[in-house]
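Participant: below is the sequence, then the predicted model.
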Amino acid sequence: AARVLGEALADPAVAPAAAAALGRIPGKDANAALLRGLTTADPAARPAVAALLGERRVREAVGPLRDLAAQGAPAERAAALRALAAFTDAKLLPALQAGTADPDAAVQRAARQGLLRLADALRERDAKAAAGLYRQVWEQGGRGERGAALVGLAAASQAEAAPLVMTALADPQLRATASGVLLALGGPEAKAAVEAALAHPTAEDELLFFRWLVRHDAEGAPVFLLPAARGATDPVVRVAALDLLPGEPRHETIFLSAMGAEDAAVREAGAHGLVRLAEAHLGAGRKTAALALFHRVLGANVGGRPIRRALEGVTALADAGSLEQVKSLLARGVARDEAAEALYAIAQRMLPGDKAAAMALLEQVARLQPPVDKRQAALVQLKGLGVNIDLAHEDGFVTRWWIVGALPVIGDAVYGKSIFPDGKPDPARPVDFEGKHYAWGKHHETKSALGVVELLEFFPNATNVVAYALTEVSCEQERQVVFRVGSDDGYELWVNGERLGGFAGGRMLKVDEESLPGKLVKGRNTILLKILNGGSRWAYVLRITDGDGRPVAFKQQEE
């Protein structure tokens with residue numbers, strides 16, 4: 001097959017396909033066919049043949065490739081130079097150097113790319129020679145090649161790369177590469193270049209140089225950072241300097257001064273610096289000093305980032321002296337979740353000594369509606385202390401139910417029918433349906449602050465089924481109300497035996513998705529929901545409001 005394909009290389013109609021096929025055949029026969037093809041192949045296929053010989057590192061091809069690089073057509077010369085570069089042999093350097101002077105631009109690029117590849121291979125064993133090749137490509141190449149040369153030169157010789165980096169920073173198309181190279185460079189040459197550049201930098205350069213100083217000259221960095229942190233004209237530069245200053249006691253006055261600046265970003269950077277200082281105090285066991293600084297930040301006119309960090313510190317200390325600051329934040333509507341965490345921690349510290357104050361804090365945490373885990377922890381702890389709070393009920397959600405299921409969707413259990421034709425189910429009596437008995441189960445608490453009942457918790461893996469949920473609510477007087485329903489999937493609703501509406505299809509649960517006008521009579525009212533499920537999630541939620549959406553006062557069944 002290799003011989004036949006080698007002969008086919010001379011046929012213009014099939015030469016490209018033949019070359020591709022030979023490239024997939026391993027072994028000496030295919031290599032020999034490709035080597036012959038350097039001279040016999042159709043000119044259009046010859047660059048592909050040269051590339052394959054380079055990829056396969058066919059040593060016998062070096063001489064013919066060198067000849068092709070010197071005498072072939074431009075596309076052949078470029079392909080031959082790229083193939084020669086694949087051998088990463090310093091003996092091939094003259095051929096690559098000659099290619100950089102070729103009259104054809106594509107051949108020149110191929111030669112420079114070959115030099116880069118050779119330099120990368122030489123770098124470990126002969127850094128000086130590699131550096132010379134990188135510098136040649138830097139001087140002769142286009143932007144992409146110059147960027148690669150700069151990266152390679154920095155790896156071969158930081159001293160030679162440092163001044164070139166400063167030149168590259170002025171080129172918008174090389175700046176990103178140069179910035180990365182600079183941050184990786186150390187040594188006296190890089191330091192000298194950075195310090196010289198800091199004499200007259202642009203704002204963008206100054207930020208980059210600050211980052212370099214912090215990484216490579218942490219002890220000397222404050223000499224340049226401090227003037228900018230105290231009062232750089234450009235707020236962006238001042239913010240960067242403040243962010244890079246270490247959180248040390250000697251910088252406290254600078255952070256405090258920045259917190260009084262007109263620019264909001266500068267104020268926030270100053271507060272963030274003060275937080276870092278407070279955290280350093282805390283890490284060293286200086287709790288009083290740390291708490292005082294955390295309080296300064298909480299009382300400052302700054303944005304959320306340092307406030308949240310300061311609240312984390314207050315939470316760790318759990319000192320009752322922080323209550324005023326935390327409650328002030330809550331009044332302003334700032335960092336509610338983190339403030340709730342702080343209140344919860346302080347409540348734990350108060351127990352069991354100051355039970356009343358701790359309970360008040362736990363109730364406040366629960367009513368703040370923080371993340372579910374913290375809200376549930378507060379509610380459970382309150383219940384253990386004798387206080388049972390039903391937040392969902394306070395918002396008008398019905399949270400106490402009797403539930404029966406899961407019944408197959410057949411007969412009277414399909415949509416539009418009820419297995420309770422008189423509308424008077426009795427949770428004390430099991431449901432007889434299709435020859436089976438189904439007992440009612442009690443659901444008197446919900447983990448959801450929105451009153452959502454997850455039926456799969458009762459009936460795991462249930463599909464194509466229906467459940468009934470029954471509750472009783474009491475009203476002090478008759479009134480018109482709105483029953484707001486959400487379900488996954490379909491539902492039907494009966495109030496005091498009257499069907500108010502339903503939904504027959506499949507859908508995802510959404511609180512208050514449908515509003516059904518109705519009436520609650522004075523005294524006891526029976527509410528029956530039928531919830532259908534095709535598959536996946538199975539849940540429902542019911543809320544009772546007035547016409548404007550405000551929760552209606554009602555009492556739920558106790559048993």
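Facilitator: Structure received.

Participant: could you pick out the longest helix of the chain?
Facilitator: The helix spanning the most residues in the chain, taking DSSP state H as the definition, is helix 264-283.

Participant: so which strand or helix has the residue nearest to the spatial centre of the chain?
Facilitator: Compute the mean C-alpha point of the chain, and by CA atoms, centre = their mean the closest residue is R305, 17.1 Å away. Using DSSP states H and E, R305 sits in helix 304-317.

Participant: that helix vs helix 264-283, what angle?
Facilitator: Note on geometry: by axes from the mean of the first three to the mean of the last three CA atoms, to 10 degrees, helix 304-317 and helix 264-283 are set 20 degrees apart in direction.

Participant: so which bits of helix 304-317 are buried?
Facilitator: Under the neighbour-count criterion of 16 or more other CB atoms under 10 Å, helix 304-317 has P306, I307, R308, R309, A310, L311, E312, G313, V314, T315, A316, L317 buried. From N, CA and C alone the C-beta is placed, and that goes for glycine too.

Participant: mind putting those residues in JSON lines, pLDDT included?
Facilitator: Below are these laid out as JSON lines (pLDDT from 0 to 100):
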{"residue": "P306", "pLDDT": "93"}
{"residue": "I307", "pLDDT": "94"}
{"residue": "R308", "pLDDT": "94"}
{"residue": "R309", "pLDDT": "94"}
{"residue": "A310", "pLDDT": "95"}
{"residue": "L311", "pLDDT": "95"}
{"residue": "E312", "pLDDT": "95"}
{"residue": "G313", "pLDDT": "96"}
{"residue": "V314", "pLDDT": "96"}
{"residue": "T315", "pLDDT": "95"}
{"residue": "A316", "pLDDT": "95"}
{"residue": "L317", "pLDDT": "95"}
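
Participant: make JSON lines out of the residues you listed and add distance to V521.
Facilitator: Below are these laid out as JSON lines (distance: CB to CB, whole Å):
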{"residue": "P306", "distance to V521": "56"}
{"residue": "I307", "distance to V521": "50"}
{"residue": "R308", "distance to V521": "50"}
{"residue": "R309", "distance to V521": "55"}
{"residue": "A310", "distance to V521": "54"}
{"residue": "L311", "distance to V521": "49"}
{"residue": "E312", "distance to V521": "52"}
{"residue": "G313", "distance to V521": "55"}
{"residue": "V314", "distance to V521": "51"}
{"residue": "T315", "distance to V521": "49"}
{"residue": "A316", "distance to V521": "54"}
{"residue": "L317", "distance to V521": "55"}
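
Participant: circling back: report the buried residues of the longest helix of the chain.
Facilitator: Using 16+ other CB under 10 Å as the burial criterion, the residues of helix 264-283 that qualify are 265-282.

Participant: cool, stretch 34-50 as well?
Facilitator: By neighbour count on 16+ other CB under 10 Å, the buried set for stretch 34-50 is 34-38, 41-42, 45-50.

Participant: report the contact partners of M359.
Facilitator: The contact partners of M359, by CB atoms under 8 Å, 6 or more residues apart in numbering, come to A347, L382, L385, V387.

Participant: and those as CSV, adding secondary structure?
Facilitator: Below are the contacts of M359 laid out as CSV (DSSP: H, G, I helix; E, B strand; the rest coil):
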residue, secondary structure
A347, helix
L382, helix
L385, coil
V387, coil
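
Participant: returning to what we had before: which other helices and strands contact the helix or strand following the helix holding R305?
Facilitator: Downstream of helix 304-317, the first helix or strand assigned by DSSP H and E is helix 323-332. Helices and strands touching helix 323-332, by 3 or more CB pairs under 8 Å, 6 or more residues apart in numbering; DSSP states H and E, are helix 287-298, helix 304-317, helix 336-350.

Participant: repeat that with 6 Å
Facilitator: helix 336-350 (3 or more CB pairs under 6 Å, 6 or more residues apart in numbering; DSSP states H and E).

Participant: buried set for the next helix-or-strand element following the helix it packs on?
Facilitator: Counting by DSSP H and E, the next helix or strand C-terminal to helix 336-350 is helix 355-367. For helix 355-367, the neighbour count (16+ other CB under 10 Å) marks A358, M359, L361, L362, E363, Q364, V365, A366 as buried.

Participant: the closest residue to the last one other than its chain neighbours: what secondary structure?
Facilitator: Right, the one you point to is A366. Spatial nearest neighbour of A366, excluding adjacent residues (CB to CB, 6 or more residues apart in numbering): A378 at 4.4 Å. State at A378, reduced to three classes by three-state DSSP: helix.

Participant: got the contact list for A378?
Facilitator: Residues near A378 by CB atoms under 6 Å, 6 or more residues apart in numbering: L362, V365, A366.

Participant: same question for P64.
Facilitator: L38.

Participant: in what helix or strand does it lie?
Facilitator: Assigned by DSSP H and E, P64 belongs to helix 62-71.

Participant: can you point out the buried residues in whatever helix or strand comes next after that helix?
Facilitator: In the C-terminal direction, the helix or strand that comes right after helix 62-71 (DSSP H and E) is helix 74-85. For helix 74-85, burial by neighbour count (16+ other CB under 10 Å) applies to A75, E76, R77, A78, A79, A80, L81, R82, A83, L84, A85.

Participant: do you know the pLDDT at the fifth one?
Facilitator: Going back to what we said before, that points to A79. If you check A79, the pLDDT there is 93.

Participant: now the strands for this protein?
Facilitator: Secondary structure of the chain (DSSP state E): strands at 401-408, 431-433, 436-438, 441-443, 453-454, 465-475, 479-488, 491-495, 498-503, 514-520, 523-533, 539-545, 555-556.

Participant: re earlier: the contacts of M359, buried ones only, as a PyMOL selection?
Facilitator: To isolate the buried ones among these in PyMOL, judged by 16+ other CB under 10 Å, type:
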select buried, resi 347+382
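
Participant: in TSV: the contacts of M359, plus distance to S257 and pLDDT.
Facilitator: Output for the contacts of M359, formatted as TSV (distance: CB to CB, whole Å; pLDDT from 0 to 100):
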residue	distance to S257	pLDDT
A347	36	92
L382	44	86
L385	46	87
V387	47	84
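
Participant: okay, the contacts of M359 in TSV with distance to Q480 next?
Facilitator: Below are those laid out as TSV (distance: CB to CB, whole Å):
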residue	distance to Q480
A347	41
L382	35
L385	39
V387	33
